[in-house]
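Novice: Pasting a predicted model and its sequence here:
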2 protein chains.
Amino acid sequence: MRDSEKMIVRSLPLFADMAEDHLDEMLLGSFLQRFPATVVLFSESDHTDFLHVLVDGQVELYASANNREGTMTLIKPVATFVLASALTDGVYQMSARTLESSQILMIPAENVRTAMKKDRGFAQKSVLELAACYHGVVRAYKNIKLRTAVERLANYILVQNRRQGDTGVIKLPIEKRTLASMLGMTPENLSRAFATLKPYGIKVDGAEVRLEKPEDLETLAKPSALIDTH
Amino acid sequence: MRDSEKMIVRSLPLFADMAEDHLDEMLLGSFLQRFPATVVLFSESDHTDFLHVLVDGQVELYASANNREGTMTLIKPVATFVLASALTDGVYQMSARTLESSQILMIPAENVRTAMKKDRGFAQKSVLELAACYHGVVRAYKNIKLRTAVERLANYILVQNRRQGDTGVIKLPIEKRTLASMLGMTPENLSRAFATLKPYGIKVDGAEVRLEKPEDLETLAKPSALIDTH
DNA sequence: CTGATCGCTTGATAATTGTCAAGCCGCGCC
DNA sequence: GGCGCGGCTTGACAATTATCAAGCGATCAG
């Protein structure tokens, strides 16, 4: 555990208030590792051995049942993932794989639980982090339960447009098949959903999506602050 | 705030470790109220003024978007709800209504946040409670994303059968239309889903569901511990 | 350059799910 | 009892979504 790695951890709100010695103690036995793309980090039924911190790259959390598979969420640096599982000392509940070459700091879950008991500041921040994660899944759940596939795509485009500076031109940050899985549809259906949005001013060229009539798209998307805002 | 009400709160794991004076302080300004059936307690876009404790009755948490509405989860006594929202001091994110006449203890959200800062034991338990809620929504999200409507119903029946003592006869604890909404389908579709399960030994008579070939139903349902176990 | 692979798209078709309309049935009320 | 209401069911149909198959085009190794 180098000092630079400790700095990365410290920069996260979750660990910002943690006492120095508690932080040092927690990081004992932690290690930073680089994984190539498309590597499975853990399976949903595995026991949670580590809290993960994505330092660089991109990670997909997904789930499987029957013979189906679906993306639960995407992790972008710098962020922790599977905190809830690490704290409850159970299984991961979601599987994870790298989407690109990624650097991940792995902190023994037991250390995290110890730190939670010892450190008030960390416990406080954990509460806020978990509440935020909870509301994140609640939003995803609403999204899939109350919207059609085309509406989900339309809202995704609107959110991306805002995030990328309201320029009317966005670059899809992930492959289309991953996007399809995240939006709860097949890749074939995503293609058709894009085609459906053509009359609403959507033009697609590879990973570039052009938004020529944002207002029209909004009438279709009916965006909701309680689903689309973070 | 009577002593009996304090006992109810104390009996919940979430508040079990809380210091006596912190508990008393938190309960200042709390009140127990009885609501008739079908009353909206709050709307998802309302600011979170209270942490709720369902003492008696039954409450539905639901969400709306477009012109659609869907059940998020059902609360049964004795349990708290909207803890995450109370702690983050934002909006409720979900709407709530009583399904039957219900008794609810309402604790000012600000008191809860104060208690969280002051009381280590409460902070610890909050972390565990939030992690459990998080995994609950994750399971619901997997359920709807990876299963068809008929599969969701089949798994619901299997879970209820286990909960009600593996007798092969279950009594639906909620109206069918509420069940339909919880399982993410229309009432019409639920009727048809029950009909589809007939060849798998399911017989429905009002709120009573008979399960004559549990093994056959399992082959269809393909239950998963990571979705169906609590 | 050539061939192979992979992601994406498109078409045809099927399965799933929702909508609208009508009717049934149990229950409470007068 | 008779009536009306609400929840549930059923049928016919439409919309949505998935599946299977084929082909396109970019990329990359030989």
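Specialist: Right, received. Where do you want to start?

Novice: Which of the helices or strands spans A:I157?
Specialist: helix A:149-163 (DSSP states H and E).

Novice: Partner strands of the helix or strand following that helix and their direction?
Specialist: Remark: after helix A:149-163, the chain's next helix or strand is strand A:169-171, criterion DSSP H and E. Sheet pairing of strand A:169-171 (DSSP bridges) gives strand A:208-211 (antiparallel).

Novice: and the strand it pairs with, which residues are buried?
Specialist: A:209, A:211 (16 or more other C-beta atoms under 10 Å in any protein chain shown). Backbone N, C-alpha and C define where each C-beta goes, glycine included.

Novice: distance between that strand and the chain's centre?
Specialist: Put simply, strand A:208-211 sits 23 Å off its chain's centre (C-alpha atoms, centre = their mean, to the nearest Å).

Novice: Distance of the residue nearest to A:E110 when sequence neighbours are not counted relative to A:M18?
Specialist: Residue nearest to A:E110 in three dimensions, not counting chain neighbours: A:D89, with 8.0 Å by C-beta to C-beta, 6 or more residues apart in numbering or on different chains. Between A:D89 and A:M18 the distance is 20 Å, computed by C-beta to C-beta, to the nearest Å.

Novice: higher neighbour count, the two?
Specialist: A:M18 (23 against 13; other C-beta atoms under 10 Å in any protein chain shown).

Novice: Is chain B within reach of stretch A:114-126?
Specialist: Yes: if you take C-beta under 8 Å from any C-beta of the partner chain as the test, stretch A:114-126 does meet chain B, through A:116-117, A:120, A:123-124, A:126.

Novice: Could I get the full set of helices for chain A?
Specialist: A:3-11, A:13-16, A:20-27, A:83-88, A:109-118, A:120-146, A:149-163, A:176-182, A:187-196, A:214-221, A:225-228 (DSSP state H).

Novice: Report the buried residues of stretch A:39-50.
Specialist: The neighbour-count check on stretch A:39-50 (16+ other C-beta under 10 Å) flags A:41-42, A:44, A:48, A:50 as buried.

Novice: Need the max-distance pair from those.
Specialist: By the measure C-beta to C-beta, A:E44 and A:F50 form the most distant pair in the buried residues of stretch A:39-50, at 14.6 Å.

Novice: Name the residues that touch stretch A:193-207?
Specialist: By C-beta atoms under 8 Å, 6 or more residues apart in numbering or on different chains, the residues outside stretch A:193-207 that reach it are A:149-150, A:153-154, A:157, A:171-172, A:176, A:185, A:209-214, A:216-217, A:220.

Novice: now the most far-flung residue of chain A relative to its centre: how far from chain B?
Specialist: In chain A, the greatest distance from the average C-alpha position (C-alpha atoms, centre = their mean) is reached by A:P199, at 30.8 Å. Plainly put, A:P199 is 19 Å away from chain B if you go by C-beta to the nearest C-beta, to the nearest Å.

Novice: got it, and A:K198?
Specialist: Per C-beta to the nearest C-beta, A:K198 is found 21 Å from chain B.

Novice: Next, count neighbours for that residue.
Specialist: 10.

Novice: got a list of what the nearest residue to A:A225 once chain neighbours are set aside touches?
Specialist: Closest residue to A:A225 apart from its sequence neighbours, by C-beta to C-beta, 6+ apart: B:S45 at 7.7 Å. Contacts here follow C-beta under 8 Å, 6+ apart; on that basis B:S45 touches A:225-226, B:91-92.

Novice: could you dump these to a markdown table with pLDDT and distance to DNA strand D?
Specialist: What follows is those, written out as a markdown table (pLDDT from 0 to 100; distance: C-beta to the nearest atom of the strand, whole Å):
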| residue | pLDDT | distance to DNA strand D |
| --- | --- | --- |
| A:A225 | 97 | 22 |
| A:L226 | 97 | 20 |
| B:V91 | 98 | 27 |
| B:Y92 | 98 | 24 |
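
Novice: residues from chain A in reach of DNA strand D?
Specialist: A:148-150, A:184-186, A:188-189, A:192 (C-beta under 7 Å from any atom of the strand).

Novice: which pair in those residues spans the largest distance?
Specialist: It's A:T148 and A:E188 that sit farthest apart of the residues of chain A next to DNA strand D, by C-beta to C-beta, at 15.7 Å.

Novice: Could you check which of the two is surrounded by more residues?
Specialist: A:T148 (14 against 9).

Novice: number of nearby residues for A:Y62?
Specialist: 21.

Novice: With the one 5 residues further on instead?
Specialist: Counted by other C-beta under 10 Å, the residues lying close to A:N67 total 7.

Novice: got it, and A:V55?
Specialist: Look at A:V55: counted by other C-beta under 10 Å, it has 19 neighbours.

Novice: pLDDT score assigned to it?
Specialist: Looking at A:V55, its pLDDT is 97.

Novice: now it: how far from B:R147?
Specialist: 35 Å.

Novice: A:V204 too?
Specialist: Applying C-beta to C-beta to A:V204 and B:R147 gives a distance of 31 Å.

Novice: A:D228 now?
Specialist: On the measure of C-beta to C-beta, A:D228 and B:R147 end up 25 Å apart.

Novice: now swap in A:F42 and tell me
Specialist: From A:F42 to B:R147 the distance is 23 Å (C-beta to C-beta).

Novice: Break chain A into its domains for me.
Specialist: A:3-138, A:148-228 (automatic domain parsing).

Novice: Of the ones you listed, which stretch is the most buried?
Specialist: Of all the domains of chain A, domain A:3-138 carries the top mean neighbour count, a mean of 18, counting by mean count of other C-beta atoms under 10 Å in any protein chain shown.

Novice: roughly how far is it from the heart of the chain?
Specialist: Counting by C-alpha atoms, centre = their mean, domain A:3-138 comes out at 11 Å from the chain centroid.

Novice: I'd like to know which elements the lowest-mean-pLDDT helix or strand in chain A is packed against.
Specialist: None of the helices or strands of chain A scores lower by mean pLDDT, DSSP states H and E than helix A:3-11, at a mean of 92. Judged by 3 or more C-beta pairs under 8 Å, 6 or more residues apart in numbering or on different chains; DSSP states H and E, the packing partners of helix A:3-11 are helix A:20-27, strand A:50-56, strand A:102-108.
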